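**Student:** The following comprises the amino acid sequence and a computationally predicted model.
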Amino acid sequence: MRASSGFAPRGGRRATLALALLVVAIALLVAFSSGCGDEGTTTTGGGDTEVLRLASWMTLSTWDPRASSGDEPLFLANLYEPLLYVNPPGSAEPYAPCLATSWEVSDDGLTWTFHLREGVTFHDGEPFNSKAVKATIESTLDLDLGAAYMWYPVEKIATPDDYTVKITTSYPAALDRVATAMYGAWMFSPKAADKSTKWWDTPHEAGTGPWMLESYAPNEETVFVRNPDYWGGWKDGQFQKVVIKYVDESSTQRQMLEAGEVDYADGLALDSVPALKDNPDVKIVEIPSIQNYVLQFNCERKPLDDKRVRQALSYALPYDDMIELGTNGYAVQSRGPTPESLYPYDPDLFQYTYDVDKAKQLLAEAGYPDGGFKLKLTYASDEQFAPKFVPLIKEAYAELGVEVDLQPLLFEQQWAMAKGAADKRQDLFALIWWPGFPDGYDSLYSLFHTQDDLLWNLSYWSDTTYDDLIDSAFSAEPTDLDKATELYSEAMAMLVDEAPAAFLFDPDRVYGVSPTLKLDEMALNPNYTSVLSFYHVTR
């Protein structure tokens, strides 16, 4: 679970994204288009008065697109649009144009030119143009919350005409990928650029997207209606209205789905999925994700300051059992810090396996032949997987003579403890993680780069060689992806060997839908965690 992300390399904070995704199969039904919208289509009736009903456990901490860093994308991604979208893994092209129709980068990787779509209007009536892009990015940077860090490379934004934006960075940065992010990259009306977060949370919205906010009752219901002036137009079978019911009980979601009260449920208990697959009134959709689960070791505290102990604890984990018990098999064991569907995944990285003898050997070499130490493990009690599998960690480490004190906390409490006084911190921190933008650099930086201001490096691990590797890889991405990939692989191999964390598993996303629904490949795009794009759903 994560609340925000950020990184601060040498000489200032900076972010980047890669230019490609690895091929991963996704099981989705194919319907109409795979882009942002289909320009020139018209509404001709045929179901346009239908309501799409969702049961979701997602809640908002803010309606401010500049400040969002939690579960808001399910809502915001249907109100707002980015300049570009990342296509699902396995697509022929890495990107789909959206509010930008084309783009290019200078040979030195320092200047990006985006050519904008004409004839687009914000929900408040303001025209979308280059000044709106400039206002969005500058306002996001000024507020400096959520995922603003992605835009830190920006040095200057020029608007040579209404539909051209030139962004100059202080160092090479892959702004094409930044422009696709599900946090901090939504374009909003320039009229809202100087508004406070309090104003946004009234709530107000000011996007260009196919949907507009009709009503919102916190922790109860959110209603969206069509944007009648949407530049992409509307087709037969698309919905007129969307109603999201807040339902945090998985059993209730299941009941509503099976009874036909909702068309979509995002919080089903995974142990209920086999039975649901046998129900002809329910369709189960499974997709890979860019999430992964890590167990961060407190490298500042004995005996975890010895990498042999950390390696031993990595070997002692029953990965297959944790996947089966924690996710009912809807996951794969991690191979390093980057999931398979996220660049720069390396299939050749070393992978720890369950090997108690090897673990005991390493502990003996480190001076702990019989274990004899105690570890405090914190985990989020309000998270889907951890409460199920962390007892297995306690049992596994007991075989080594290591006692584990399990401490379930609400995530915000867990995170606060980890950033608090050093003598009060945990030894082991169980964390489900996903990057703020679809690139592994966010994860590699946020979780393991040296941090002067502690945020997500809750292993408290620091190595300047590693820092230099990923920073150099970042700088190479816009102009030499092969070199960047090589440097990332070297850095990830170092992480696996040093073991500041155990890399547990990469969960799939599992949803229940009505069999009458049709979802195209952009409806559930793995790069946008837990987002259903309503525009790409038809009946």
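**Tutor:** Sure, I can see it.
**Student:** Walking through the stretch 351-500 of the chain, point out its helices one by one.
**Tutor:** 356-365, 386-398, 411-419, 440-448, 464-476, 481-498 (DSSP state H, counting those that start in this stretch).
**Student:** so where's the stretch 401-539 of the chain shaky on pLDDT?
**Tutor:** Scanning the stretch 401-539 of the chain for pLDDT under 70 picks out nothing.
**Student:** What is the least confident helix or strand in this protein?
**Tutor:** Ranked by mean pLDDT, DSSP states H and E, the weakest helix or strand in the chain is helix 175-178, scoring a mean of 91.
**Student:** quick one: buried residues of the very next helix or strand once past that helix?
**Tutor:** Under the assignment DSSP states H and E, the closest C-terminal helix or strand after helix 175-178 is helix 197-200. Neighbour counts using 16 or more other C-beta atoms under 10 Å place residue 200 of helix 197-200 among the buried residues. In this view, the C-beta of every residue, glycine as well, is placed from N, C-alpha and C.
**Student:** Just the residues contacting helix 197-200, thanks.
**Tutor:** 62-67, 143, 145, 192 (C-beta atoms under 8 Å, 6 or more residues apart in numbering).
**Student:** picking that back up, helices and strands around the least confident helix or strand of the chain, which ones?
**Tutor:** Judged by 3 or more C-beta pairs under 8 Å, 6 or more residues apart in numbering; DSSP states H and E, helix 175-178 is in contact with strand 100-105.
**Student:** If you count contacts, what does the strand it packs on end up packed against?
**Tutor:** Using 3+ C-beta pairs under 8 Å, 6+ apart, strand 100-105 is in contact with strand 111-116, helix 175-178.
**Student:** So which of the ones you listed is nearest residue 85?
**Tutor:** Checking these against residue 85 by C-beta to C-beta gives helix 175-178 as the closest, at 11.0 Å.
**Student:** so how far is the closest one off the chain centroid?
**Tutor:** 15 Å (C-alpha atoms, centre = their mean, to the nearest Å).
**Student:** Save the helices of the stretch 351-500 of the chain as CSV, and put in mean neighbour count and distance to residue 320 too.
**Tutor:** What follows is the helices of the stretch 351-500 of the chain, written out as CSV (neighbours: other C-beta atoms under 10 Å; distance: least, C-beta to C-beta, whole Å):
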stretch, mean neighbour count, distance to residue 320
helix 356-365, 18, 14
helix 386-398, 19, 10
helix 411-419, 17, 26
helix 440-448, 26, 24
helix 464-476, 19, 29
helix 481-498, 19, 19
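**Student:** how about the ones you listed, which one is nearest residue 290?
**Tutor:** helix 440-448 (8.6 Å).
**Student:** quick one: that closest one to helix 481-498, angle?
**Tutor:** 30 degrees (axes from the mean of the first three to the mean of the last three C-alpha atoms, to 10 degrees).
**Student:** counting contacts, what elements does helix 440-448 pack onto?
**Tutor:** Checked by 3+ C-beta pairs under 8 Å, 6+ apart, helix 440-448 has strand 292-297, helix 464-476, helix 481-498 packed alongside it.
**Student:** Quick check, pLDDT for residue 17.
**Tutor:** Reported pLDDT at residue 17 in the predicted model: 33.
**Student:** Equivalent analysis for residue 117, please.
**Tutor:** Among the per-residue scores, residue 117 shows a pLDDT of 98.
**Student:** With residue 47 instead?
**Tutor:** Residue 47 is given a pLDDT of 38.
**Student:** Next: residue 11.
**Tutor:** So, for residue 11, pLDDT stands at 32.
**Student:** so which of the helices of the stretch 351-500 of the chain comes closest to residue 91?
**Tutor:** Using C-beta to C-beta, the helices of the stretch 351-500 of the chain put helix 481-498 closest to residue 91, at 17.0 Å.
**Student:** Which other helices and strands does the closest one contact?
**Tutor:** Going by 3+ C-beta pairs under 8 Å, 6+ apart, helix 481-498 lies up against helix 307-315, helix 440-448, helix 464-476.
**Student:** Check the offset of that helix from the chain's centre.
**Tutor:** Taking C-alpha atoms, centre = their mean, one finds helix 481-498 lying 21 Å from the centre of the chain it belongs to.
**Student:** Skip ahead from it and say which helix or strand is next.
**Tutor:** strand 501-507.
**Student:** that older thread, of the helices and strands packed on helix 440-448, which is nearest residue 122?
**Tutor:** Distance to residue 122, taken as C-beta to C-beta, is lowest for helix 464-476 among the helices and strands packed on helix 440-448, at 33.1 Å.
**Student:** Can you give me the distance of the residue most central in space within the chain to residue 245?
**Tutor:** Compute the mean C-alpha point of the chain, and by C-alpha atoms, centre = their mean the closest residue is residue 434, 3.9 Å away. Per C-beta to C-beta, to the nearest Å, residue 434 is found 24 Å from residue 245.
**Student:** Please apply the same query to residue 486.
**Tutor:** With C-beta to C-beta as the criterion, residue 486 and residue 245 are 48 Å apart.
**Student:** picking that back up, pretty sure the residue nearest to the centre of the chain contacts residue 293?
**Tutor:** No - here residue 434 lies out of contact with residue 293, judged by C-beta atoms under 8 Å, at a distance of 10.5 Å.
**Student:** that older thread, now, which of the contacts of helix 197-200 lie within helices?
**Tutor:** residue 143 (DSSP state H).
**Student:** Please identify which pair of the contacts of helix 197-200 lies farthest apart.
**Tutor:** Longest span within the contacts of helix 197-200, C-beta to C-beta: 145 and 192, 15.1 Å.
**Student:** who's more crowded, these two?
**Tutor:** Under the criterion of other C-beta atoms under 10 Å, the comparison of residue 145 against residue 192 puts residue 192 first, with 22 against 18.
**Student:** residues contacting the more buried one?
**Tutor:** So residue 192 contacts 124, 199-200, 204, 206 (C-beta under 8 Å, 6+ apart).
**Student:** Now that we're looking at it, what pLDDT does it have?
**Tutor:** Reading off the model, residue 192 has pLDDT 98.
**Student:** And for residue 174?
**Tutor:** Reading off the model, residue 174 has pLDDT 84.
**Student:** repeat for residue 98
**Tutor:** 98.
**Student:** next one: residue 90
**Tutor:** 86.
**Student:** The one 5 residues further on now?
**Tutor:** Per-residue confidence for residue 95 comes out at a pLDDT of 92.
**Student:** Enumerate every residue touching it.
**Tutor:** Contacts of residue 95 by C-beta under 8 Å, 6+ apart are 84-87, 176, 180.
**Student:** Could you rerun that using 6 Å?
**Tutor:** Taking C-beta atoms under 6 Å, 6 or more residues apart in numbering, we find residue 95 in contact with residue 84.
**Student:** Against residue 531, how distant is it?
**Tutor:** Residue 95 is 17 Å from residue 531, by C-beta to C-beta.
**Student:** Run a quick check on residue 112 versus residue 175, I expect a contact.
**Tutor:** Yes - contact status for residue 112 versus residue 175: in contact at 4.5 Å, counting by C-beta atoms under 6 Å.
**Student:** one step back: any chance of the helices and strands packed on helix 440-448 in TSV, plus distance to residue 328?
**Tutor:** Output for these, formatted as TSV (distance: least, C-beta to C-beta, whole Å):
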stretch	distance to residue 328
strand 292-297	14
helix 464-476	34
helix 481-498	27
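**Student:** So for residue 309, which of these sits nearest?
**Tutor:** Nearest to residue 309, of the helices and strands packed on helix 440-448 and by C-beta to C-beta, is strand 292-297 at 8.3 Å.
**Student:** That closest one packs against which elements?
**Tutor:** strand 428-433, strand 501-507 (3 or more C-beta pairs under 6 Å, 6 or more residues apart in numbering; DSSP states H and E).
**Student:** Need the residues that contact the shortest one.
**Tutor:** Right, the one you point to is strand 428-433. 1-2, 291-296, 375, 377-379, 386, 390, 418, 458.
**Student:** which one of these is nearest residue 442?
**Tutor:** residue 2 (10.5 Å).
**Student:** Let me see the confidence value for that closest one.
**Tutor:** The confidence metric pLDDT takes the value 44 at residue 2.
**Student:** First-to-last residue distance for stretch 148-159?
**Tutor:** Stretch 148-159 has an end-to-end distance of 21 Å (C-alpha to C-alpha, to the nearest Å).
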